[in-house]
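In: Fold the stuff below for me.
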Amino acid sequence: MTESPNSLDELRVQIDKIDSQMVELLAQRAKITAQVGQYKSRVGLPIYVPEREAELIAKRREQAKEFGVSPMLVEDLLRRIMRESYHTQNVNYLCTRPDIKKIVVIGGAGALGRVFVDMFTRSGYPVSILEKKDWLNSADIFKDAGLVLVAVPIQMTTEIIAKLDNLPADCLLVDITSTKQKPLEAMLKVHSGPVLGLHPMFGPDVPSLVKQVVVVCHGRDQDKYQWLLQQITIWGAILQYSDAKQHDDAMGFIQVMRHFCSFVFGAHLANENPNLKQLVSLSSPIYRLELAMVGRLFAQDPALYADIIFDNKDSVHLLTKFAEQFAQALTLVEAKNKGEFIKRFFKIGSWFGDYSKQSLIDSKKLLLKADDDRTWSD
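Out: Got it, this is the predicted structure:
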């Protein structure tokens with residue numbers, strides 16, 4: 001059978017037509033999800049409802065099987081579409097405490113402070129910002145405040161909290177720094193009213209709070225700040241509860257070690273001075289992601305990461321033990337002891353358990369996305 005020389009062009013025209021229809025359908029869907037967001041705002045429903053998302057994906061996966069389409073492809077498309085739809089729903093929100101006369105954000109002009117100023121404003125709260133130049137008028141600014149949120153750099157947090165001895169008795173005092181023990185102790189000492197410690201596990205560049213984690217460390221008078229936790233949930237965030245010590249211990253591994261390792265890796269690359277563009281062009285998707293995470297660190301505020309690493313009480317201890325592990329592993333390489341290396345590899349894998357298998361599945365999704373984003377200019 002001889003193919004018509006125009007058959008490929010004709011098939012491409014059909015594909016273009018279908019792609020155009022897909023764009024039109026996405027536009028229609030976006031209009032509807034915007035209306036969903038408006039409805040949720042009026043009645044106070046959270047932007048992100050895990051059960052609804054899981055149900056929707058499960059149904060479409062089953063439908064994909066019926067039509068002979070890859071369920072994984074359909075799920076990937078839906079997750080990307082839903083992520084965009086969450087952003088279209090990211091408008092105004094129901095105010096859970098309309099009787100609050102004023103919210104004061106100390107450091108509200110800062111990067112993360114601005115995120116909370118924006119979210120509170122879009123929830124209908126009157127918001128005032130207090131910066132260094134405003135301290136002479138702090139008594140007037142704090143007057144009638146129902147919530148004071150401390151959003152200043154880590155090294156300044158306890159110092160600023162110590163000044164807050166003139167808040168209204170029923171005012172809720174909250175901090176959002178990445179350490180919790182010292183700020184909570186300082187807040188409980190200086191203020192006799194309700195106290196709460198929060199740690200937003202995201203940076204100021206997030207497009208919305210949907211699916212972002214906020215760690216909650218209880219302070220005093222839990223019943224008097226449930227409205228704030230409900231408000232954060234309405235914004236779409238996921239609350240994770242921890243006591244202050246457990247939180248700070250975990251951050252040693254989650255933040256200190258990770259950021260320090262990225263710093264050292266970046267320092268080594270800069271010192272050896274390889275051709276960075278060539279490294280990227282020759283790399284596999286996994287190395288591109290790893291390199292991107294290192295490079296990402298050096299595009300941000302160095303003072304923030306210095307505070308995270310230097311202000312954690314366990315930093316030196318953890319990093320010293322890590323250096324010992326590194327030295328032991330290097331000894332195996334120097335001795336060409338592959339047998340012991342493999343033995344330790346299996347032992348470590350046993351500690352990770354089933355999480356290793358799940359990580360393999362999850363990372364494959366990230367790697368496919370990284371591969372999709374590769375361009376010839378890389």
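
In: Give the other helices and strands that whichever strand or helix holds Leu188 contacts.
Out: For Leu188, the host element (DSSP states H and E) is helix 181-190. In this structure, helix 181-190 makes packing contacts with helix 154-161, strand 172-175, strand 195-200, strand 213-220, helix 244-251, judged by 3 or more CB pairs under 8 Å, 6 or more residues apart in numbering; DSSP states H and E. C-beta coordinates here come from the backbone N, C-alpha and C atoms, glycine included.

In: List the strands paired with the third one, with their directions.
Out: Listed by DSSP bridges, the sheet partners of strand 195-200 and their directions read strand 172-175 (parallel), strand 213-220 (antiparallel).

In: would you list those in JSON lines and tack on distance to Ile15?
Out: What follows is the strands paired with strand 195-200, written out as JSON lines (distance: least, CB to CB, whole Å):
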{"stretch": "strand 172-175", "distance to Ile15": "53"}
{"stretch": "strand 213-220", "distance to Ile15": "40"}
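
In: looking at those, which is buried most?
Out: strand 172-175 (a mean of 26; mean count of other CB atoms under 10 Å).

In: Assign a three-state SS to Tyr39, would you?
Out: Counting by DSSP: H, G, I helix; E, B strand; the rest coil, the backbone at Tyr39 sits in helix.

In: What residues of the helix holding Leu188 count as buried?
Out: Neighbour-count burial for helix 181-190, counted by 16 or more other CB atoms under 10 Å, picks out 181-187, 190.

In: Let's have the helices and strands packed on helix 181-190 in JSON lines, adding mean pLDDT and distance to Phe346.
Out: Putting the helices and strands packed on helix 181-190 into JSON lines (pLDDT from 0 to 100; distance: least, CB to CB, whole Å) gives the following:
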{"stretch": "helix 154-161", "mean pLDDT": "94", "distance to Phe346": "39"}
{"stretch": "strand 172-175", "mean pLDDT": "98", "distance to Phe346": "43"}
{"stretch": "strand 195-200", "mean pLDDT": "98", "distance to Phe346": "35"}
{"stretch": "strand 213-220", "mean pLDDT": "97", "distance to Phe346": "32"}
{"stretch": "helix 244-251", "mean pLDDT": "95", "distance to Phe346": "26"}
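
In: In a markdown table, list these along with distance to Asp144.
Out: As requested, these are exported to a markdown table (distance: least, CB to CB, whole Å):
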| stretch | distance to Asp144 |
| --- | --- |
| helix 154-161 | 20 |
| strand 172-175 | 13 |
| strand 195-200 | 19 |
| strand 213-220 | 21 |
| helix 244-251 | 29 |
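
In: Leu130 is nearest to which of the ones you listed?
Out: With CB to CB as the measure, helix 154-161 is the member of the helices and strands packed on helix 181-190 nearest Leu130 (9.5 Å).

In: So which elements touch the one helix or strand Met82 maps to?
Out: Element membership for Met82 (DSSP H and E) is helix 71-88. Helix 71-88 sits against helix 7-43, helix 50-66, with contacts defined as 3+ CB pairs under 8 Å, 6+ apart.

In: Quick check: buried residues in that helix?
Out: In helix 71-88, counting by 16+ other CB under 10 Å, buried: 74-75, 78, 82, 85-88.

In: one step back: can you list contacts of the helix holding Leu188?
Out: Helix 181-190 has contacts (CB atoms under 8 Å, 6 or more residues apart in numbering) with 150, 157-158, 161-165, 173, 175, 177, 195, 197, 217, 219-220, 244-245, 247-248.

In: Pick the one among the buried residues of helix 71-88 closest to Ser363.
Out: Scanning the buried residues of helix 71-88 for proximity to Ser363, where the rule is CB to CB, the winner is Glu75, at 16.2 Å.

In: quick one: that closest one from Lys313, how far?
Out: In this view, Glu75 and Lys313 are 43 Å apart by CB to CB, to the nearest Å.

In: residues contacting Thr233?
Out: Thr233 neighbours (CB under 8 Å, 6+ apart): 46, 239.

In: Does it lie in a helix or a strand, and which?
Out: helix 226-234.

In: repeat for Arg258
Out: Assigned by DSSP H and E, Arg258 belongs to helix 258-272.

In: ok, back up a step: only the buried residues of the helix holding Thr233, if you could.
Out: 227-234.

In: So which of these is the closest to Val105?
Out: Nearest to Val105 among the buried residues of helix 226-234 is Leu228, at 12.9 Å by CB to CB.

In: what's the closest one in contact with, if anything?
Out: With the criterion set at CB under 8 Å, 6+ apart, Leu228 makes contact with 96-97, 147, 172, 174, 196.

In: got the residues you listed as a markdown table, with distance to Leu8 columns?
Out: Output for the contacts of Leu228, formatted as a markdown table (distance: CB to CB, whole Å):
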| residue | distance to Leu8 |
| --- | --- |
| Thr96 | 59 |
| Arg97 | 63 |
| Leu147 | 64 |
| Leu172 | 66 |
| Val174 | 62 |
| Leu196 | 63 |
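
In: and stretch 244-255, how far out from the chain's middle?
Out: 16 Å (CA atoms, centre = their mean, to the nearest Å).

In: CA atoms of it as PDB?
Out: Written as PDB, here are the backbone C-alpha positions of stretch 244-255 (Å, rounded to 0.1, in the frame of the first residue of the first chain):
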ATOM      1  CA  ALA A 244       9.000  22.200  69.900                       C
ATOM      2  CA  LYS A 245      11.900  19.900  70.800                       C
ATOM      3  CA  GLN A 246      10.900  17.200  68.300                       C
ATOM      4  CA  HIS A 247      10.500  19.900  65.700                       C
ATOM      5  CA  ASP A 248      14.000  21.400  66.300                       C
ATOM      6  CA  ASP A 249      15.600  17.900  66.400                       C
ATOM      7  CA  ALA A 250      14.000  17.000  63.000                       C
ATOM      8  CA  MET A 251      15.000  20.300  61.500                       C
ATOM      9  CA  GLY A 252      18.600  19.400  62.100                       C
ATOM     10  CA  PHE A 253      18.300  16.600  59.600                       C
ATOM     11  CA  ILE A 254      15.700  18.200  57.300                       C
ATOM     12  CA  GLN A 255      17.300  21.700  57.000                       C
END
